[in-house]
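Novice: sequence and predicted structure are below.
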Amino acid sequence: MTVLLFIVGVLFVVVGILVSIALHEVGHLVPAKLFRVRVTQYMVGFGKTVWSRRRGETEYGIKAIPAGGYVSMVGMFPPATTEAGAVRQSSTGVFQQLSNDARQAAAEQLQPGDEDRVFYRLPIWKRIVIMLGGPLMNLLIGTVLFAVLIMGFGTSQPTTTLASVSECVVPASVQAATGQTECAPADPAAPAYEAGLLPGDRIVAFDGREVTDWASFSSWIRDAAGREVSISYVRDGRTVESTITPLLTERPVADEDGTAMLDDDGTAVTQEVGFLGVGSTQELVPQPASEVLPAVGDSLVRVTGVVLNLPQRLVEVGQAAFSDAPRDPEGPISVVGVGRIAGEISAMEEVPPASRAATLVGLVAGVNLALFVFNLIPLLPLDGGHVAGALWEGLRRGVARVVGRPDPGPFDMAKLLPLTYVVAILLMGMGALLIYADIVKPVDLFG
């Protein structure tokens with residue numbers, strides 16, 4: 001059963017990513033059709049064509065390698081011209097030949113009547129809309145999935161039911177200094193353990209106040225150090241009345257997100273507070289629609305941080321892959337890594353099915369937001385490179401108008417093909433490194 005669940009999780013993410021890629025290309029296809037650019041192909045994947053059908057002037061199909069997709073539009077590159085405006089017939093040099101070959105291939109796609117249907121003749125804003133259509137589709141998919149996750153499944157919230165009861169108290173300073181997590185003979189017993197509390201007990205009152213949420217309960221525990229107070233809990237449908245004395249001990253200080261705060265030298269910040277030694281169960285609580293966009297924004301900030309530091313992150317991945325250094329769980333991973341994580345989550349039978357399903361939806365949502373940010377990098381062959389080229393053309397033409405110079409015409413993107421090939425090789429190398437690292441040194445999210 002565990003193996004089957006693992007496979008289901010992997011398939012869920014694989015299908016989700018393939019659908020996301022297909023819709024990304026739809027984001028390019030629809031505005032291109034609306035702006036009357038002739039689209040010759042809409043393909044999901046690369047390599048050999050597995051299946052295709054022609055509808056009108058466009059061939060729609062699936063290719064053998066599901067590592068992306070493309071929409072082929074006529075007139076992506078303008079004809080090369082000399083300073084006088086005549087078409088340049090030939091040039092020498094490897095880089096020039098690459099550009100000429102691309103222009104020749106683009107010219108061979110043209111048919112009678114295509115003069116006003118080529119991509120490079122569109123107004124700049126229309127070209128930008130077409131190229132941003134793909135990334136914006138990924139942003140839309142990610143936002144919709146976050147809405148399903150937050151409003152449908154809900155976010156994990158602590159309940160007033162106990163998930164764990166510690167047997168002893170290990171001060172935070174001792175844990176930080178020695179790494180001790182198990183009880184030692186000299187460690188004092190935890191108040192909750194001494195009072196007979198058990199996992200599954202639901203706390204209903206503390207110190208004469210009704211307990212309705214874990215945050216308030218935790219605050220009251222911290223403030224009651226050294227005082228014997230009343231506590232009521234429900235066990236097996238019966239309410240039990242008792243007393244308990246929170247112990248004054250060192251505990252880590254956490255921020256609003258629950259992350260342990262560190263001082264300037266990286267040491268965990270602690271404070272002396274009341275402590276019982278209990279942990280809460282978690283349950284999914286649906287949130288209002290107002291929580292969706294902030295959650296999407298937080299995720300975009302994290303992804304952008306990874307992309308902006310991508311060279312350093314890749315060096316760290318390489319060091320981890322070829323040494324004993326651990327992988328950074330916040331670092332980049334490949335589709336292989338995402339699939340493995342999805343399988344592990346799906347196979348966790350001790351986790352409620354709703355929580356597993358929510359996590360899988362969150363993974364696909366995160367992949368889409370990552371695709372949105374990554375495709376905005378202003379380098380060809382990424383969508384951001386085409387947008388940058390269109391903006392540069394607009395700047396050149398605007399400056400020419402202001403200073404009274406002749407219109408320089410369309411910017412020849414074919415001149416950037418040598419750089420495009422370099423970027424493509426680097427992207428393939430990055431993908432190969434991440435896949436290798438995800439096989440030999442996968443990210444460990446579950447300890």
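Specialist: Sure thing, it's come through.

Novice: what sits against residue 399?
Specialist: Going by C-beta atoms under 8 Å, 6 or more residues apart in numbering, residue 399 touches residue 405. Where C-beta positions appear, they are placed from N, C-alpha and C, glycine not excepted.

Novice: which strand or helix spans the residue nearest the centre of the chain?
Specialist: The chain has residue 366 as the residue nearest its centroid, 3.0 Å off, counting by C-alpha atoms, centre = their mean. For residue 366, the element it lies in under DSSP states H and E is helix 353-375.

Novice: touching that helix from outside, list them.
Specialist: By C-beta under 8 Å, 6+ apart, helix 353-375 touches 9, 12-13, 16-17, 20, 24, 134-136, 138-139, 141-142, 145-146, 148-149, 153-154, 156, 284, 296, 299-300, 303-304, 307, 338, 341-342, 345-346, 348, 382-384.

Novice: the same query, at a cut-off of 6 Å, please.
Specialist: 12-13, 16-17, 20, 135, 138-139, 141-142, 145-146, 148-149, 153, 284, 299-300, 303-304, 307, 342, 345-346, 382-383 (C-beta atoms under 6 Å, 6 or more residues apart in numbering).

Novice: helices - which of the residues you listed land there?
Specialist: 12-13, 16-17, 20, 135, 138-139, 141-142, 145-146, 299-300, 303-304, 307, 342, 345-346, 383 (DSSP state H).

Novice: residue 193: what's it in contact with?
Specialist: Counting by C-beta under 6 Å, 6+ apart, residue 193 touches 165, 167.

Novice: confidence score at it?
Specialist: Model confidence at residue 193, given as pLDDT, is 91.

Novice: separation between it and residue 279?
Specialist: 12 Å (C-beta to C-beta, to the nearest Å).

Novice: repeat for residue 63
Specialist: Noted for residue 63: a distance of 50 Å to residue 279, by C-beta to C-beta.

Novice: the two: who's more crowded?
Specialist: Between residue 63 and residue 279, counted using other C-beta atoms under 10 Å, the more crowded position is residue 63 (19 against 15).

Novice: that older thread, what's the ChimeraX line that selects buried ones from the contacts of helix 353-375?
Specialist: To isolate the buried members of these in ChimeraX, using 16 or more other C-beta atoms under 10 Å:
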select :12,13,16,17,20,135,138,139,141,142,145,146,149,153,284,299,300,303,304,342,345,346,382,383
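
Novice: if we can go back for a sec, dump the helix holding residue 366 to CSV, restricted to CA.
Specialist: C-alpha atoms of helix 353-375 as CSV (Å, rounded to 0.1, in the frame of the first residue of the first chain):
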residue,chain,number,x,y,z
PRO,A,353,-5.4,12.1,3.9
ALA,A,354,-6.6,15.7,3.8
SER,A,355,-3.2,17.0,5.0
ARG,A,356,-1.3,14.9,2.5
ALA,A,357,-3.6,16.1,-0.3
ALA,A,358,-3.1,19.7,0.8
THR,A,359,0.7,19.3,0.8
LEU,A,360,0.6,17.9,-2.8
VAL,A,361,-1.5,20.8,-4.0
GLY,A,362,0.9,23.2,-2.3
LEU,A,363,3.8,21.6,-4.1
VAL,A,364,2.2,22.1,-7.5
ALA,A,365,1.3,25.7,-6.6
GLY,A,366,4.9,26.3,-5.5
VAL,A,367,6.3,24.9,-8.8
ASN,A,368,4.0,27.3,-10.7
LEU,A,369,5.2,30.3,-8.8
ALA,A,370,8.8,29.2,-9.3
LEU,A,371,8.1,29.0,-13.1
PHE,A,372,6.6,32.5,-13.0
VAL,A,373,9.7,34.0,-11.4
PHE,A,374,12.2,32.0,-13.3
ASN,A,375,10.7,32.8,-16.7
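
Novice: thank you kindly, that will do.
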